[in-house]
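Novice: model this:
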Amino acid sequence: MLAASDIHVSYGKINAVKGVSVEIGHGEIVALIGPNGAGKSTLLKAIAGLLPVRRGSIVFDGAELAGRPAAEVMRRGLALVLEGRSTLKHMTVRENLVLGAYARGDHAAIAEDLDQMLTRFPVLRDRLKQRAGTLSGGEQQMLVIARALMSRPRLLMLDEPSLGLAPLVTAKIFELIHALKSVDKVTVLLVEQNANQALQLADRAYVLENGVVALAGKDLANDPRVREAYLGV
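Specialist: Sure thing, here's the model as predicted:
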């Protein structure tokens with residue numbers, strides 16, 4: 001589905017991503033793990049069109065995306081949930097959800113999807129008229145994921161979805177990610193600080209260190225280097 005090849009991304013003179021290549025197949029959950037500053041979030045933003053790619057190719061379902069604006073990338077079926085629960089805090093929950101479908105014109109289907117999101121996230125139904133900024137951290141995370149799903153993405157990219165959340169809420173988020181693959185048939189690219197949970201959930205994983213791919217494979221949870229550096233065993 002997605003092939004990002006030899007991706008280079010810079011912040012001024014700082015090379016944040018240095019020739020990274022990753023592939024994601026239809027229906028997979030692929031995890032990106034690694035230390036802070038490794039380039040994981042930068043890579044997701046580059047794929048989503050939020051950061052310019054200095055060099056490299058990003059092919060999604062046969063179409064080259066490198067250099068295309070973020071709005072066009074989203075219309076092609078990619079959605080990114082940014083780190084930090086990026087709700088539009090002064091807008092209501094309902095307005096946030098509807099905004100997720102702004103590029104769609106199928107109004108009847110949008111209404112059906114909105115109702116589906118409220119069934120999947122019942123806490124949001126009780127807060128439809130509430131400003132997003134007044135929600136708890138876990139509720140805001142559910143809202144930004146639901147908002148992304150309103151665009152009907154074929155590839156959903158999640159950047160640190162469990163960051164700062166209580167264990168019970170984190171468990172719900174990981175249950176949702178599993179359901180997105182098994183029930184909704186959505187492909188997921190996941191950046192996650194909880195390496196153990198991410199590796200359990202993912203079909204394959206990449207380890208990014210200092211802007212490059214250090215390791216890649218299907219069974220990284222049993223790799224001694226990963227176990228020592230990221231799993232604490």
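
Novice: burial measure for Leu114, as a count.
Specialist: Per other C-beta atoms under 10 Å, the neighbour tally for Leu114 reads 19. (Each C-beta comes from the backbone N, C-alpha and C, glycine too.)

Novice: can you pull the contacts of it?
Specialist: Neighbour list for Leu114: 94, 97-98, 101, 150 [criterion: C-beta atoms under 8 Å, 6 or more residues apart in numbering].

Novice: Among those residues, which ones are in helices?
Specialist: Under the assignment DSSP state H, those contribute 94, 97-98 to helices.

Novice: hang on, the earlier thing: make CSV out of the contacts of Leu114 and add distance to His107, pLDDT and neighbour count.
Specialist: Shown next, in CSV, are those (distance: C-beta to C-beta, whole Å; pLDDT from 0 to 100; neighbours: other C-beta atoms under 10 Å):
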residue, distance to His107, pLDDT, neighbour count
Arg94, 15, 95, 17
Leu97, 14, 95, 24
Val98, 10, 93, 16
Ala101, 9, 92, 20
Met150, 13, 95, 22
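
Novice: Which one of those is nearest to Leu143?
Specialist: For those, the minimum distance to Leu143 (C-beta to C-beta) is 7.4 Å, reached by Leu97.

Novice: which residues sit in contact with the closest one?
Specialist: For Leu97, the contact set (C-beta under 8 Å, 6+ apart) comprises 114, 117, 124, 143, 146-147, 150.

Novice: Determine which two of the residues you listed are furthest apart.
Specialist: Taking C-beta to C-beta, no two of the contacts of Leu97 sit farther apart than Leu114 and Leu143, at 12.4 Å.

Novice: in which helix or strand would I find the residue nearest in space to the middle of the chain?
Specialist: Central residue of the chain (C-alpha atoms, centre = their mean): Leu158, 1.6 Å from the mean position. Assigned by DSSP states H and E, Leu158 belongs to strand 155-159.
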